[in-house]
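Undergrad: Structural data only, the sequence is not supplied:
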């Protein structure tokens, strides 16, 4: 979509388009959301820090709301996980994505917005559809495959497992980010525990950050 917008802009203006504009604006929009949330979001401040004028902005976005949705969409939550046939290794990919630099700050942006959702119902619905629900679905898919392989009893809900997994990672990371002991566990312990809960829990689970070989 961005490439199509840039091509159209170049045809209209006859001048080459700065390919960094979109990334600069998205970067500053994320910083603005983390700092003041949706309630205090200032398009003027965002563009000033990005060093982008109004014309450059409106060639790419129709409104501040559209930018906010794109800023949330640019926050990588949960990646697509291939079917590795092993719950532990698939969960490892999710945990490594969760533990990457900047991931916790990105999640805090979403948490902040969730607290303001009642004041922005239409925008929150758009963010849910573009960011939150697809991310959750990727985690559910991992547990659905494990259930389909018979690694959990038939009565177990893949959605409930996914919710518990996301919740456990979030709580552990929250305590860690605030320098508190919490439950005395780390993200790797969460990974190993959930892998061990399945009937295939005896499979080798590599430490976070280790390659699959």
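TA: Cool, the structure landed. Predicted model, so just to flag it, every value in this text is computed and none were measured. Numbers count the residues shown, from 1 in each chain.

Undergrad: Stretch 73-80: end-to-end distance?
TA: End-to-end span of stretch 73-80 (Cα to Cα, to the nearest Å): 15 Å.

Undergrad: What residues of it count as buried?
TA: Across stretch 73-80, burial judged by 16 or more other Cβ atoms under 10 Å covers 73, 75, 77, 78. Yep, even glycine has a C-beta here, placed from its N, CA and C like the rest.

Undergrad: These in helices, which ones?
TA: residue 73 (DSSP state H).

Undergrad: Could you dump the buried residues of stretch 73-80 into CSV and include distance to residue 171 and pLDDT?
TA: What follows is the buried residues of stretch 73-80, written out as CSV (distance: Cβ to Cβ, whole Å; pLDDT from 0 to 100):
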residue, distance to residue 171, pLDDT
73, 25, 85
75, 20, 78
77, 17, 70
78, 17, 87
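
Undergrad: Need the buried residues of stretch 73-80 in TSV (columns: distance to residue 140).
TA: Shown next, in TSV, are the buried residues of stretch 73-80 (distance: Cβ to Cβ, whole Å):
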residue	distance to residue 140
73	19
75	19
77	13
78	10
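
Undergrad: Among the buried residues of stretch 73-80, which pair sits farthest apart?
TA: The span of those, defined through Cβ to Cβ, is set by 73 and 78 at 13.2 Å.

Undergrad: distance of the most centrally placed residue in the chain from residue 83?
TA: With distances taken as Cα atoms, centre = their mean, residue 77 lies nearest the centre of the chain, 1.6 Å away. Distance, residue 77 to residue 83, using Cβ to Cβ, to the nearest Å: 20 Å.

Undergrad: swap in residue 122?
TA: Distance from residue 122 to residue 83, by Cβ to Cβ: 36 Å.

Undergrad: can you check residue 97 too?
TA: Using Cβ to Cβ, residue 97 is found at 17 Å from residue 83.

Undergrad: These two - which one has more neighbours?
TA: Set residue 97 next to residue 83 and count neighbours by other Cβ atoms under 10 Å: residue 97 wins out with 16 against 11.

Undergrad: Mind giving me the packing neighbours of the helix or strand the more buried one falls within?
TA: Secondary structure assigned from DSSP states H and E places residue 97 in helix 87-98. Contacts defined by 3 or more Cβ pairs under 8 Å, 6 or more residues apart in numbering; DSSP states H and E place helix 87-98 against helix 133-148, helix 158-177, helix 187-197.
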